[in-house]
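Undergrad: predicted model and sequence follow; I will ask about them next.
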Amino acid sequence: MHIGMLGPCSPNLVLDLIDVDPSQLSGITPDAGIPVAELSRELIRRGHQVTIAALDSAISTSRTLVGPGFSLTIIPQRPAPRSRVRDFFRAERRHLSEVQQDATPDLVHAHWTYEYELAAQALPVPYVTTIHDVPLA
């Protein structure tokens, strides 16, 4: 099964899944997205294909890193929270959805709400959302 994941995931956490020299990862936020990385690793271990789309405000252009049965696309996130909230993450949601649309997964698992879950809603495949926090609390 091909599973799409939407949520933070630093390449530093999935070095064993990608074919890349770690020195090529400069500028990417380290150690974000442990739940997404660990779940992806287990899904691959069980024979599934995983495509992750993640956001990072530390980069200016999208980067895709691949390995056997695995793909991680890191998409630039606008650095100013005010600009993201003003249009409710419109640019980020569009880019996240495009990555998954191109990958054609069987289903999508969004981690966290807002931009990740809203991007999943825009896809023509079943999705599930895991909420890791309660923003109003």
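TA: In hand now; what should we look at?
Undergrad: give me the residues contacting stretch 63-70.
TA: Residues from elsewhere that reach stretch 63-70 (Cβ atoms under 8 Å, 6 or more residues apart in numbering): 11, 14, 17-20, 28, 40, 44, 48-52, 71-74. Every C-beta, even on glycine, is put in place using the N, C-alpha and C of the backbone.
Undergrad: mind jotting down where the helices sit in the chain?
TA: 34-45, 81-86, 90-103, 115-121 (DSSP state H).
Undergrad: could you list the buried residues of the helix or strand bottoming out on mean pLDDT in the chain?
TA: Lowest by mean pLDDT, DSSP states H and E among the helices and strands of the chain is helix 81-86, with a mean of 80. Of the residues in helix 81-86, Arg84 count as buried by neighbour count, 16 or more other Cβ atoms under 10 Å.
Undergrad: check stretch 40-59 too.
TA: For stretch 40-59, by 16+ other Cβ under 10 Å, it's 40-41, 43-44, 48-56.
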